[in-house]
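Chemist: got a sequence here, can you model it:
(one chain, ligands or ions: 1)
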Amino acid sequence: MRSVWLQVTRRGYATNTANVARKWIYAKTFKGEPNASNFRLETEPLPSTLQEGEFLAEAEYLSVDPYMRPYMLAYPEGSLMIGGQVARVIKSANARFPVGASIFGQFGWRTHTVCDPARLEKDRPYVLPDFGSLPASLGLGVLGMPGNTAYFGLRELCQPKVGETVVVSGAAGAVGSAVGQIAKIHGCRAIGIAGTDAKCDWLQRTLGFDGAINYKRGEVYAELKRLAPKGIDIYFDNVGGPITEAVVKQMNLYGRIAVCGTISNYNSAITKVTDPQRQFVFKQLRMEGFVVWRWNDRWLEGIEANLKWIREGRLAYEETVTKGFERMPDAFIDMLRGGNTGKAVVKV
Ligand SMILES: NC(=O)c1ccc[n+]([C@@H]2O[C@H](COP(=O)([O-])OP(=O)(O)OC[C@H]3O[C@@H](n4cnc5c(N)ncnc54)[C@H](OP(=O)(O)O)[C@@H]3O)[C@@H](O)[C@H]2O)c1
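Modeler: Residues are numbered from 1 along each chain as shown. Below you'll find the model as predicted:
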């Protein structure tokens with residue numbers, strides 16, 4: 001069935017004025033690793049006219065992120081899968097979101113969305129800053145939520161100083177790859193921990209990390225001692241579990257730890273680690289968890305700083321792009337398994 005038709009607006013944008021949205025439903029509660037049975041593709045009719053204040057957005061790129069795995073546990077079966085997307089406004093009755101605008105919206109896994117921002121209490125969509133010739137998809141990665149997670153989490157919680165040693169886990173992913181590079185920009189040594197030799201090579205050769213450890217080889221603590229013989233000042237933790245236990249053992253006096261995520265236990269029971277309290281007392285460590293929305297009121301500051309560093313050639317990015325909205329679950333499952341380098345996105 002053909003559900004959309006093409007239209008050319010006066011501004012010259014070829015628009016896809018849809019009458020039906022496709023959307024992915026959380027069909028079955030996650031248990032262990034997600035699989036195809038957790039998701040169901042549905043359609044939903046769209047209204048033919050917009051009310052004052054509304055616009056119709058068509059998704060161009062959708063994000064698949066680790067947080068979706070734990071966060072969806074709070075939703076009943078039958079809910080829309082949550083998530084952000086970069087979309088194009090294709091119809092509008094809202095002057096702040098004109099036809100043709102490229103926007104970020106927390107619209108979930110759906111191709112078309114009618115939105116009135118004034119009716120939302122949080123997660124309001126925004127028009128993306130001008131990225132110039134850079135792809136709009138970066139609004140889901142280094143110039144969006146993950147980039148801001150790296151920017152604010154590292155700078156605000158860890159306060160990196162010249163000459164310090166920074167370790168980041170999940171280093172070859174969207175957040176981790178930016179953390180290591182921003183640490184370098186602040187004059188630190190950066191060591192990354194990732195899941196394949198190819199990712200470790202990429203971190204060092206392309207992104208300029210000073211060292212990298214493939215945690216699947218099982219020698220994290222020995223490798224940390226070799227690569228950071230004088231100890232670790234800052235740890236940006238994306239994974240938790242035994243990797244974190246090994247890093248904490250090698251931390252220096254007054255070390256700072258930003259707890260960003262615990263992906264090592266998103267699909268499984270929490271692994272027991274040795275009680276870390278003794279290290280925290282004698283090394284006088286500080287550990288703080290955070291959620292990036294804490295810096296909502298400074299959102300554009302992070303995007304603009306990362307954009308400037310990209311333009312200066314100091315911050316590189318990578319995207320792993322899956323083509324086709326129908327492959328959203330595949331892209332999500334693949335990302336959780338480590339199939340991505342840099343940001344995992346889906347091109348509709
Ligand atoms: N606090 C916040 O506000 C905030 C915001 C964004 C993201 N986060 C968190 O930050 C972390 C990274 O997110 P991201 O978006 O940048 O994802 P990502 O790193 O691009 O993708 C996830 C990566 O996690 C790694 N991984 C999977 N299972 C693992 C395990 N058992 N142990 C160690 N690593 C594992 C895989 O890489 P390998 O090949 O290296 O295993 C995979 O590529 C996640 O924990 C996420 O929840 C937090």
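Chemist: number of residues surrounding residue 41?
Modeler: 14 (other C-beta atoms under 10 Å). The C-beta positions use only the backbone N, C-alpha and C, and glycine is treated the same way.
Chemist: revised request: answer the last question for residue 82.
Modeler: Neighbours around residue 82, by other C-beta under 10 Å: 18.
Chemist: show me how far the helix or strand residue 148 falls within is from its chain's centre.
Modeler: Using DSSP states H and E, residue 148 sits in helix 145-152. Computed by C-alpha atoms, centre = their mean, to the nearest Å, the chain-centroid distance of helix 145-152 equals 8 Å.
Chemist: could you give the mean pLDDT of it?
Modeler: Regarding helix 145-152, the rounded mean pLDDT is 98.
Chemist: so the closest residue to the ligand within the stretch 201-348 of the chain, which of the three states?
Modeler: Nearest to the ligand, among the residues of the stretch 201-348 of the chain, is residue 261, at 1.9 Å (C-beta to the nearest ligand atom). Classification of residue 261 using DSSP: H, G, I helix; E, B strand; the rest coil returns coil.
Chemist: next one: residue 242
Modeler: Classified using three-state DSSP, residue 242 is helix.
Chemist: that one and residue 274 touch, don't they?
Modeler: No. Checked against C-beta atoms under 8 Å, the pair residue 242 and residue 274 is beyond contact range at 9.4 Å.
Chemist: those two: which is more packed in?
Modeler: residue 242 (17 against 11).
Chemist: for the more buried one, give me its contacts.
Modeler: By C-beta atoms under 8 Å, 6 or more residues apart in numbering, residue 242 lies in contact with 220, 264, 271, 273.
Chemist: write out the residues of this protein neighbouring the ligand.
Modeler: Residues of the chain lying near the ligand by C-beta under 6 Å from any ligand atom: 65-67, 146, 149, 170, 172-176, 194-196, 199, 238-239, 260-261, 263-264, 290-292, 335-336, 338, 340, 344.
Chemist: separation between residue 139 and residue 104?
Modeler: Per C-beta to C-beta, to the nearest Å, residue 139 is found 5 Å from residue 104.
Chemist: likewise for residue 309?
Modeler: From residue 309 to residue 104 the distance is 20 Å (C-beta to C-beta).
Chemist: now the common contact residues for residue 139 and residue 104.
Modeler: With C-beta under 8 Å, 6+ apart, residue 139 and residue 104 have common neighbours 86, 128.
Chemist: neighbour count for residue 309 and residue 104, which is higher?
Modeler: residue 104 (25 against 19).
Chemist: show me the shaky parts of the protein.
Modeler: Applying pLDDT under 70 to the chain flags the ranges 1-17.
Chemist: what's the residue closest to the geometric middle of it?
Modeler: residue 146 (3.8 Å; C-alpha atoms, centre = their mean).
Chemist: just the buried subset of the residues of the chain next to the ligand, written out for ChimeraX, thanks.
Modeler: Here is the ChimeraX selection string for the buried members of the residues of the chain next to the ligand, based on 16 or more other C-beta atoms under 10 Å:
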select :65,66,146,149,170,172,173,174,175,176,194,195,199,238,239,260,261,263,264,292,335,336,338,340,344
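Chemist: among the residues of the chain next to the ligand, which lie within helices?
Modeler: 146, 149, 174, 175, 176, 199, 335, 336 (DSSP state H).
Chemist: now do the contacts for the first one.
Modeler: Taking C-beta under 8 Å, 6+ apart as the criterion, residue 146 is in contact with 65, 140, 173, 174, 175, 178, 343.
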